[in-house]
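>>> 3D, please:
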Amino acid sequence: MFIKFHQFDAKLPKKLPRNKMQLAITVLGNYQTHFIAEILPAVRDCKCNILEIRLSRLAQSSAAYLLIQGNWNQIAKFENTLDIIQRRLDIKIHTLRPEQKDKAKECVPYSLETISLDRDSVTESITSFLFDRKIDIEEITGSCYQAPYIQTSVFSTKFVILIPPQIHLLSLREEFMDFCDQLNIDAILEPIKR
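Below you'll find the predicted structure:
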């Protein structure tokens, strides 16, 4: 399996402007509903700002998550609008008001990429390895596909992780590569570059 880590300047949380709050939103619906075309105008109409957005197709479904910002009234109005959209389109929407963090953690951002034969336990094993060492996972993406030239499915993953400064990077890399060898995973662990 192939794993790649890249170091980067993370978008670390900063203090919100006065009277601003955030709302995290997850949406799941049928691919044909095109719910994002309803949600984006609602963000604008409620005078909120999109800080982050992701949308993916999963089989015949679409999944999205957004992080928006606004003042209390704008966020409350947007939450009410989401309830109306959810009922009208028969989709699932969940919201959470994240707590404001006072100080960003001092960590080193890395990228990790893996390729292995398609086994359900690979991603679970990698996340357990990272969490056991108090390494935060910022992002995971992965997919299963038919490998060229063979009739076998392979699974590739990409992680963005934050390594605490007290972890010795060379030791972590060696330990991780030994771990991957035991599971027959090809992996690369590298700092994220600009």
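>>> counting contacts, what elements does the lengthiest helix in the chain pack onto?
Identified as the longest helix of the chain according to DSSP state H is helix 72-89. Using 3 or more Cβ pairs under 8 Å, 6 or more residues apart in numbering; DSSP states H and E as the contact test, the elements touching helix 72-89 are strand 21-30, helix 36-45, strand 61-70, strand 92-96. For glycine as for every other residue, the C-beta is placed from the backbone atoms N, C-alpha and C.
>>> To residue 116, which of these lies closest?
The closest of the helices and strands packed on helix 72-89 to residue 116 is strand 61-70. By Cβ to Cβ, the value is 24.0 Å.
>>> Buried by neighbour count: which residues of the closest one qualify?
Neighbour-count burial for strand 61-70 flags 62, 64, 66, 67, 68, 69, 70 (criterion: 16 or more other Cβ atoms under 10 Å).
>>> And stretch 177-193, by the same measure?
If you call a residue buried by 16+ other Cβ under 10 Å, then stretch 177-193 has these buried ones: 180, 183, 185, 187, 188, 189, 192.
>>> What is the nearest of those to residue 78?
residue 192 (32.6 Å).
>>> Now do the contacts for residue 69.
Applying Cβ atoms under 8 Å, 6 or more residues apart in numbering, we find residue 69 in contact with 16, 20, 21, 22, 23, 48, 49, 51.
>>> about what we covered before: need the helices and strands packed on helix 72-89 in TSV (columns: distance to residue 86).
Listed next are these as TSV, based on distance: least, Cβ to Cβ, whole Å:
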stretch	distance to residue 86
strand 21-30	8
helix 36-45	10
strand 61-70	13
strand 92-96	5
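>>> follow-up on the earlier one: what about the buried residues of stretch 177-193, which are in helices?
Reading helices off the buried residues of stretch 177-193 with DSSP H, I get 180, 183.
>>> Which two among the buried residues of stretch 177-193 are spaced furthest apart?
Farthest pair in the buried residues of stretch 177-193, by Cβ to Cβ: 183 and 192, 23.8 Å.
>>> mind putting the contacts of residue 69 in a markdown table, neighbour count included?
Converted to a markdown table, the contacts of residue 69 look like this (neighbours: other Cβ atoms under 10 Å):
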| residue | neighbour count |
| --- | --- |
| 16 | 12 |
| 20 | 16 |
| 21 | 18 |
| 22 | 20 |
| 23 | 22 |
| 48 | 23 |
| 49 | 13 |
| 51 | 13 |
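>>> Quickly check those residues for the two that are furthest apart.
16 and 48 (12.9 Å).
>>> sorry, back to before: which of the buried residues of stretch 177-193 lies closest to residue 42?
residue 192 (33.7 Å).
>>> My guess is that closest one contacts residue 109. True?
Yes. At 5.0 Å, residue 192 and residue 109 qualify as touching, with contact defined as Cβ atoms under 8 Å.
>>> Give me the most central residue, the protein.
residue 139 (3.5 Å; Cα atoms, centre = their mean).
>>> by contact count, what packs against the helix or strand containing residue 160?
Per DSSP states H and E, residue 160 falls inside strand 153-163. Contacts defined by 3+ Cβ pairs under 8 Å, 6+ apart place strand 153-163 against strand 108-117, helix 121-132, strand 136-146.
>>> Sweet, I'm off.
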